[in-house]
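Chemist: sharing a sequence plus its predicted fold:
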Protein chains: 2
Amino acid sequence: MKKSVTIKDVARETGVHVATVSRALSPNARALLSAEVVAKIRETANAMGYRPNRIAAGLRTRRTMTVGVMIPDITNTLFPPIVRGMEAALEPAGYASILVNTDNDPDREARLFDVLLQRGVDGIIDAAVTHMDPHLERISREVPIVTANRMVEGSGIPSVINDDAGGIRMMMQKLHDAGHRNIGHIAGPKDLSTGIQRREAFEAAAKGLDLKVSDTAMVVAERYNEDEGNRCALSALENSPDMTALLCANDRLAIGAVDAVASLGLKCPEDISVTGFNDIPFLDMIPPGLTTVQILQFDVGRIAAEILLKRMTEPDARVPETTIMPVSIIERNSIAPPRSGRGSKTRTARQSRKKTQG
Amino acid sequence: MKKSVTIKDVARETGVHVATVSRALSPNARALLSAEVVAKIRETANAMGYRPNRIAAGLRTRRTMTVGVMIPDITNTLFPPIVRGMEAALEPAGYASILVNTDNDPDREARLFDVLLQRGVDGIIDAAVTHMDPHLERISREVPIVTANRMVEGSGIPSVINDDAGGIRMMMQKLHDAGHRNIGHIAGPKDLSTGIQRREAFEAAAKGLDLKVSDTAMVVAERYNEDEGNRCALSALENSPDMTALLCANDRLAIGAVDAVASLGLKCPEDISVTGFNDIPFLDMIPPGLTTVQILQFDVGRIAAEILLKRMTEPDARVPETTIMPVSIIERNSIAPPRSGRGSKTRTARQSRKKTQG
DNA sequence: ATGATTTGCGCAAACGATTGCATGACCGTA
DNA sequence: TACGGTCATGCAATCGTTTGCGCAAATCAT
């Protein structure tokens, strides 16, 4: 459209060389110039509506002041607060972010890495890594990377994650305190670090509390969504008649699980207690009000961005390899003591459903 | 970190000039070369792991294959689906997007326009415009712009919006059909086109149905959020005792309104019917299940992106100035016939509340 | 065989900024 | 007065790619 005013135009206008203009406009080099020239140049630059072209600068300096942000899917309400957290750190430092959605598809992820690198991003925050990511280490040799919310173990790539283990442990304790001795688990996808770590934590906590969990009471979801939560909960409930509580690896699974409970003619929490993880937005408004592990979504993003900033500006600076953010339990209404005599009632409910189905 | 392989390296390796490499790699110019050279160059380029530097290309061509996306706040669940819709059109066309949040702050918006233009975006999709946006026309002379979900009237800037008027009209009809004759409105912010258009549609529909709405039954919110919904609903309910239904300009206001109804000791929908607009994610799970106007969030983003694509690739192409997307009513459980004898019951409820407060 | 076209590729100038080095003016000192 | 040293600014190369233009060789028409 309209061609914009360049450093050259400002130079011609003020009667100095372009190098002088460049220096006058650069905070670092400004000191090399006399105060009057700097003032004059900045004035006319403003008057002419000069806007630095970071593309041109980036070509020379190899810094674009742009970072790449990879997330699985922005419509998953877990991620927007994380993204805002990143922006909160990045924007004041002068960085903008290119945002891409991987849909948890490794091929797509590979293409998107290229998309980012072609555009010369100065760094990448990856909130979409899979547990054994094939690309990450290669990419991390080209540009600084920090993973957020998830990690790839043993990679040496800095990550900011939540205290998954602690959250699960606390939640198990809560259920135990309420009287539950037969607790099931809907685990997250086995290729995501959160799925793995929460599952391991579940098993460790069960052992610590001296609970045995049958194979049928633990079922792992393919994806973190409501349908999978429903499917897995149905499976667990049907095959583990004595189970009185379902600890789910995240809120969306838990929402699906609550539906499953209802579809079996049972009630949450009276018949089955259900718990979530993450405390996503609006969760408090959805009945029965899931008791969940609250993570600091915004701060996970913010801290990840801060670590990336450090790595970008001081490549030799040492940054913590994994930062673990604290979690807390939000108590709502999805935990109740196990119903006495629940076993028999449940069994009939389940049988009646099976009958109508088969 | 590691310096990457350039067109020059490929040229040296294959023994041709850089210009030849450039042509061999460009889909348009490829025809100028013999098939063998092209094949050889592409092969070795691949083998060497050549990755085009779009920054350098962009400097020359003034096209970065990057667009800017402005939204008010990505944590507002209305926007993620819109953003995904944009991406669905943009990514296949080779564009990546820089996403920024304005928080509906004009100063911030102005800064962010600069952030985008400095990075040489080829176009901007603006889902954060205010009704009389001071920057937009100036910016639109530098780079193609399309507004999404909102518009700035009379600007000539292409926009993709929803059939706000139609949605409101249909919803008014629904309430009228249910027997409501005394309907209030919580209007959206008066500096947003959605707020204005929905309010005007409300007034027009009321007139069309021969309903009078008292001043007190229509209150305009400062922002689209639950707290404002609550505050405005309280005001309307307290000052309009005969009102039996509240048509809200969006879902978040409606959620707040439902809370307000409850806090007055009334029930929705038995005592007061409440309706929303947008059908944001998870709305179906929040009691009592708001009847709302569903908009095609994903498609609004997608179509806006498609129009922008057209404007970017064919600057002289004519595009529709405003595209209006169809809406539909999603019926849930927040509309009921007005309760007979509701007036008196309500009045007592309100008075008792006033008593405890004042 | 000659001239006119076409084909295939190289040359070099851009694009807008940054930055190491050179240069000239000015100062103080010997 | 000459000399060394600062200080402020100019010069020109550079980043990686694209592209108008030119040139030589190949092809064609006559």
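Modeler: That came through, no problem.
Chemist: next one: the spatially most central residue of chain A from DNA strand D, what distance?
Modeler: Closest to where the C-alpha atoms of chain A average out (C-alpha atoms, centre = their mean) is A:Asn149, at 3.9 Å. Distance check for A:Asn149 against DNA strand D: by C-beta to the nearest atom of the strand, to the nearest Å, it reads 33 Å. Every residue, glycine included, has its C-beta placed from N, CA and C.
Chemist: neighbours of the residue of the stretch 201-350 of chain A found nearest DNA strand C, how many?
Modeler: Nearest to DNA strand C, among the residues of the stretch 201-350 of chain A, is A:Thr313, at 13.6 Å (C-beta to the nearest atom of the strand). By other C-beta atoms under 10 Å in any protein chain shown, the residues close to A:Thr313 number 13.
Chemist: what pLDDT does it get?
Modeler: As predicted, A:Thr313 sits at a pLDDT of 93.
Chemist: and for whichever residue of the stretch 151-300 of chain A sits closest to DNA strand D, the neighbour number?
Modeler: The nearest approach of the stretch 151-300 of chain A to DNA strand D comes at A:Ile157, 25.1 Å away (C-beta to the nearest atom of the strand). Neighbourhood size, A:Ile157 [other C-beta under 10 Å]: 21.
Chemist: quick check: it is in a helix.
Modeler: No. Under DSSP: H, G, I helix; E, B strand; the rest coil, A:Ile157 sits outside any helix and is assigned coil.
Chemist: which residues does A:Leu25 contact?
Modeler: Residues near A:Leu25 by C-beta atoms under 8 Å, 6 or more residues apart in numbering or on different chains: A:7, A:41-42, A:45, A:52.
Chemist: one more time with 6 Å, if that's ok
Modeler: With contacts defined as C-beta atoms under 6 Å, 6 or more residues apart in numbering or on different chains, A:Leu25 has no neighbours.
Chemist: one more: the one 4 residues further on?
Modeler: With contact taken as C-beta under 6 Å, 6+ apart, A:Ala29 is in contact with A:Arg23.
Chemist: quick one: contacts for A:Ile71?
Modeler: Shown in contact with A:Ile71 (C-beta under 6 Å, 6+ apart): A:79, A:127-128.
Chemist: distance of the closest residue to A:Thr322 other than its chain neighbours from A:Leu308?
Modeler: Closest residue in space to A:Thr322, ignoring its immediate chain neighbours: A:Ser159 at 5.0 Å, by C-beta to C-beta, 6 or more residues apart in numbering or on different chains. A:Ser159 sits 11 Å away from A:Leu308, taking C-beta to C-beta, to the nearest Å as the criterion.
Chemist: now do A:Ala257
Modeler: From A:Ala257 over to A:Leu308 (counting by C-beta to C-beta), the distance is 36 Å.
Chemist: quick one, which of these two is more surrounded?
Modeler: Using other C-beta under 10 Å, the more surrounded residue of A:Ala257 and A:Leu308 is A:Ala257, with 32 against 28.
Chemist: doesn't that one fall inside a helix?
Modeler: Yes. Per three-state DSSP, A:Ala257 lies within a helix segment.
Chemist: model confidence for it, exactly?
Modeler: 98.
Chemist: A:Val100 and A:Leu112 touch, don't they?
Modeler: Yes. Between A:Val100 and A:Leu112 there is a contact under C-beta atoms under 6 Å: 4.5 Å.
Chemist: what sits opposite A:Leu247 in the beta ladder?
Modeler: A:His185, A:Thr275 (DSSP bridges).
Chemist: A:Met132 and A:Leu192, how far apart?
Modeler: A:Met132 is 11 Å from A:Leu192, by C-beta to C-beta.
Chemist: the two: which is more packed in?
Modeler: The residue with more neighbours, out of A:Met132 and A:Leu192, is A:Leu192; 22 against 12, by other C-beta under 10 Å.
Chemist: which residues touch that one?
Modeler: If a contact means C-beta under 6 Å, 6+ apart, then A:Leu192 has no contacts.
Chemist: domain parsing for chain A?
Modeler: A:7-52, A:61-157+A:298-324, A:164-291+A:331-357 (automatic domain parsing).
Chemist: adding distance to B:Asp105, write those out as JSON lines.
Modeler: Shown next, in JSON lines, are the domains of chain A (distance: least, C-beta to C-beta, whole Å):
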{"stretch": "domain A:7-52", "distance to B:Asp105": "21"}
{"stretch": "domain A:61-157+A:298-324", "distance to B:Asp105": "12"}
{"stretch": "domain A:164-291+A:331-357", "distance to B:Asp105": "21"}
